[in-house]
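Visitor: Build me a structure from this.
(one chain, ligands or ions: 1)
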Amino acid sequence: MEPYIFDKLPQGPFAKLRQLIAGTTPKMSIFDMSIGDPKHQFPKFVQQIIIDNMSGFGNYPDGLGIESLRNANANWLNRRFKLENIADMNQHICTLNGTREGLFNAALLAVKQAQKSTPIMAIPDPFYQVYAAGAIAAQAEIIFMPTPKSTGFLPDLGSISDAQWQNMAVFFICSPSNPQGAFADKAYYEKLIALARKHDFYIFSDECYSEIYYDEKPISALEVAAKDGDFKNVISFFSLSKRSSLPGLRSGFCAGDATFIARYKKMRVVAAPQVPGPLQHVATAVWNDEQHVVESRALYAQKIDIAEQILGNMFDFERPQGGFFLWLNMAAYGGGVKAAQDLWQHCAIKALPGCYLSSLGSEGGADDYLRVALVGNLADTKSALKRMTAFYSNINKPRGAQK
Ligand SMILES: Cc1ncc(COP(=O)(O)O)c(C=O)c1O
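Guide: Sure thing, here's the model as predicted:
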C-alpha cells in the first residue's frame, strides 16, 4: 500500500492525552488545563451583530474579507505596533478563517514560491501541530529546532548551517511562544529577517498570543520588517481566538510581504475556506474594540500572579512573558508524562505532557515539562494550583510522613 504522507505527523497531543488517562476516573471536581481554549467572556456585542447580519448566512461570503474587516485589521496593526502607518488593507492584509488553516495554506504556497532545490521548513520544537502538517503537505524537509531555557526558549539561529539557510523555504517563529510564553526581541527578529532577505525565504511569524502579555508588550516581526518601508519576506499571523476569547468565531488574518499576500489571495479566492459573512461583521467590531482585550489581559495577569504566589519556585516556575500557559519542569517528579498521569489520578487536573507537542524526543528537552493552560476562572485556577502543590509537597515527604 502507498505510504500515507500524514503518517509522518506526530499523533495529536490531545488524542494521546486521552489515551494516557483513559480508565481512570478521578473522584474530585475536574480542572481541565490541557487545551488552550480561552474561557474568558467574549464581548457582549457579538450576539447583536450576528442577529443584525443574519440574512448574510443566505449568501456566499466575500472570500477575501469585506472591506471593513480588512480596514479594521490594518488599523489595528498600525495602532498596536510601530509601523508608521504603512499597513495597508489592500496590499498587506489577508483575511483567514482562523490562523490554523491560514498557516497550513500559506506553507503550501511558500514552498512552491521559494523555489529551493530541497526546500526546508524550520519549526520551533515544541510546536503548534499545523506547522508540521503544512510542511509535510508541501513536501518540505523539516528541521525541528529545540527551544530550551538555555536559548531563551527560542530556536538558536546559530545552529543552522549555511547550506540549510540556502535551502530554507519557511522559518516558523512563534512569539509569544506556545508553550513557554517567550518573546522574540528586536535583535532576534533583525538577525532572522537579515537571513531571510539574504537567502530569500519566508518568515512565518505566529503572533496569535501577542495580546496576552504581563509586563512589556511583545513586538511584532512586522515592526522590524517595516523599517525599510515594506514587510519583505515576513508574514505575521494574528487571531481573535486568544485575543478576544473567540476561538469558535474563526477570525484571523495574516499581514506582510505584499507580493506574497497578492499571490496568497489569488490562491485563496478559489481554494480556501471563507469566513461566513455575518461573522466578518462581528470580527470587524471585535478587532476595532480594545476594552475587552484590556480586561481579559488583566484577568490573565491575575492568574499569573496567583500562580507565582502558589508555586513559588516549585517546578522551576518562571513567570512567562506572554501567553497563558505555565511550562513546568517536572523532571524531579518523573517527567511530564508521569506528572500528567499523577495529576489526573490524584488531583483531577488535566494537563498536557510537553513531549506531546514535540518531535525531538528526549533530545529536545520537552520530556521533563508539563504544559498547564490557565484558561479557567480565578477561583478554579487557585484551587487547581493549590491541589497540585499540596500533592507534590506531600509526595516529597519521607515515607510514613505522607498523609
Ligand atoms: C501557537 C498557535 N498558533 C495558532 C493557533 C491557531 O489559532 P486559530 O486557528 O484559532 O486562529 C493556535 C491555537 O491554539 C496556537 O496555539
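Visitor: need the residues of the stretch 1-150 of the chain near the ligand, please.
Guide: Gly36, Gly98, Thr99, Arg100, Tyr128 (C-beta under 6 Å from any ligand atom). C-beta: built from backbone N, CA, C; applies to glycine.
Visitor: Need the residues you listed in CSV (columns: neighbour count).
Guide: Formatted as CSV, these follow (neighbours: other C-beta atoms under 10 Å):
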residue, neighbour count
Gly36, 21
Gly98, 22
Thr99, 27
Arg100, 21
Tyr128, 22
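Visitor: residues in contact with the closest residue in space to Tyr333 that isn't next to it in sequence?
Guide: Of all residues not flanking Tyr333 in the chain, Ala339 sits nearest, at 5.4 Å (C-beta to C-beta, 6 or more residues apart in numbering). Contact analysis of Ala339 by C-beta atoms under 8 Å, 6 or more residues apart in numbering lists Leu328, Met330, Tyr333, Ala351, Pro353, Leu370.
Visitor: quick one: which of the residues you listed sit in helices?
Guide: Secondary structure assignment by DSSP state H places none of the contacts of Ala339 in helices.
Visitor: tell me which of the residues you listed is nearest to Leu249?
Guide: Ala351 (26.2 Å; C-beta to C-beta).
Visitor: Identify the residues contacting that closest one.
Guide: Met33, Ser34, Ala339, Ala340, Leu343, Leu370, Arg371, Val372, Ala373.
Visitor: List phi and psi for it.
Guide: phi -140, psi 160 (degrees, to the nearest 10).
Visitor: same question, Pro124
Guide: According to degrees, to the nearest 10, Pro124 has phi -70, psi 140.
Visitor: mind giving me the domain ranges of the chain?
Guide: 5-41+292-395, 59-289 (automatic domain parsing).
Visitor: Quick one: closest of those to Gln48.
Guide: Among the domains of the chain, domain 59-289 sits nearest to Gln48 (C-beta to C-beta), with 9.5 Å.
Visitor: And the closest one, how far out from the chain middle?
Guide: Computed by C-alpha atoms, centre = their mean, to the nearest Å, the separation of domain 59-289 from the middle of its chain amounts to 10 Å.
Visitor: and the helix or strand where the residue nearest to Tyr333 lies, what's its mean pLDDT?
Guide: Here Ala339, judged by DSSP states H and E, is contained in helix 335-347. Per-residue pLDDT over helix 335-347 has a mean of 97.
Visitor: Likewise for stretch 149-156?
Guide: On average, the pLDDT along stretch 149-156 is 95.
Visitor: Would you mind pulling the contact partners of it?
Guide: 122, 124, 145-147, 173, 175, 177, 180-182, 184, 188, 327.
Visitor: Can you pull the phi and psi angles for Gly248?
Guide: Per-residue torsions, Gly248: phi -80, psi -10 (degrees, to the nearest 10).
Visitor: Report pLDDT for it.
Guide: At Gly248, pLDDT is 96.
Visitor: would CSV of the residues of the stretch 1-150 of the chain next to the ligand with secondary structure be doable?
Guide: Listed next are these as CSV, based on DSSP: H, G, I helix; E, B strand; the rest coil:
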residue, secondary structure
Gly36, coil
Gly98, coil
Thr99, helix
Arg100, helix
Tyr128, coil
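Visitor: isn't Pro273 right up against Asn97?
Guide: Yes: here Pro273 lies in contact with Asn97, judged by C-beta atoms under 8 Å, at a distance of 4.3 Å.
Visitor: higher neighbour count, those two?
Guide: Set Pro273 next to Asn97 and count neighbours by other C-beta atoms under 10 Å: Asn97 wins out with 21 against 15.
Visitor: quick revisit: quick one: the residue nearest to Tyr333 from the ligand, how far?
Guide: 21 Å (C-beta to the nearest ligand atom, to the nearest Å).
Visitor: again, but for Lys149
Guide: Distance from Lys149 to the ligand, by C-beta to the nearest ligand atom: 19 Å.
Visitor: What count of nearby residues applies to that residue?
Guide: Per other C-beta under 10 Å, the neighbour tally for Lys149 reads 14.
Visitor: Kindly report the same for Asn394.
Guide: Neighbours of Asn394 (other C-beta under 10 Å): 12.
Visitor: Sticking with it, tell me its helix or strand.
Guide: helix 378-395.
Visitor: what angle do that helix and helix 335-347 make?
Guide: Helix 378-395 and helix 335-347 are oriented at 100 degrees to each other (axes from the mean of the first three to the mean of the last three C-alpha atoms, to 10 degrees).
Visitor: Tell me who's in contact with Pro26.
Guide: Trp344, Gln345, His346, Cys347, Ala348.
Visitor: Gly102 now?
Guide: Contacts of Gly102 by C-beta under 8 Å, 6+ apart are Cys94, Leu96, Phe237, Gly252, Phe253, Cys254.
Visitor: So it versus Val130, what's the distance?
Guide: According to C-beta to C-beta, to the nearest Å, Gly102 and Val130 sit 9 Å apart.
Visitor: what's the answer for Asn73, then?
Guide: 21 Å.
Visitor: and what of Cys254?
Guide: As judged by C-beta to C-beta, Cys254 and Val130 stand 13 Å apart.
Visitor: more crowded one of the two?
Guide: Comparing Cys254 with Val130 by neighbour count (other C-beta under 10 Å), the higher total belongs to Cys254, at 28 against 18.
Visitor: show me where this protein has helices.
Guide: 13-21, 45-52, 67-80, 99-114, 130-137, 162-167, 186-199, 221-225, 240-243, 258-271, 277-288, 291-311, 335-347, 378-395.
Visitor: could those be laid out in CSV, adding distance to Cys208?
Guide: Shown next, in CSV, are the helices of the chain (distance: least, C-beta to C-beta, whole Å):
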stretch, distance to Cys208
helix 13-21, 17
helix 45-52, 19
helix 67-80, 14
helix 99-114, 6
helix 130-137, 11
helix 162-167, 26
helix 186-199, 17
helix 221-225, 13
helix 240-243, 5
helix 258-271, 18
helix 277-288, 14
helix 291-311, 13
helix 335-347, 23
helix 378-395, 21
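Visitor: ok, Leu96 - contacts?
Guide: Going by C-beta under 8 Å, 6+ apart, the list of residues near Leu96 reads Gly102, Phe237, Ser239, Ser251, Gly252, Phe253, Cys254, Ala272, Val275.
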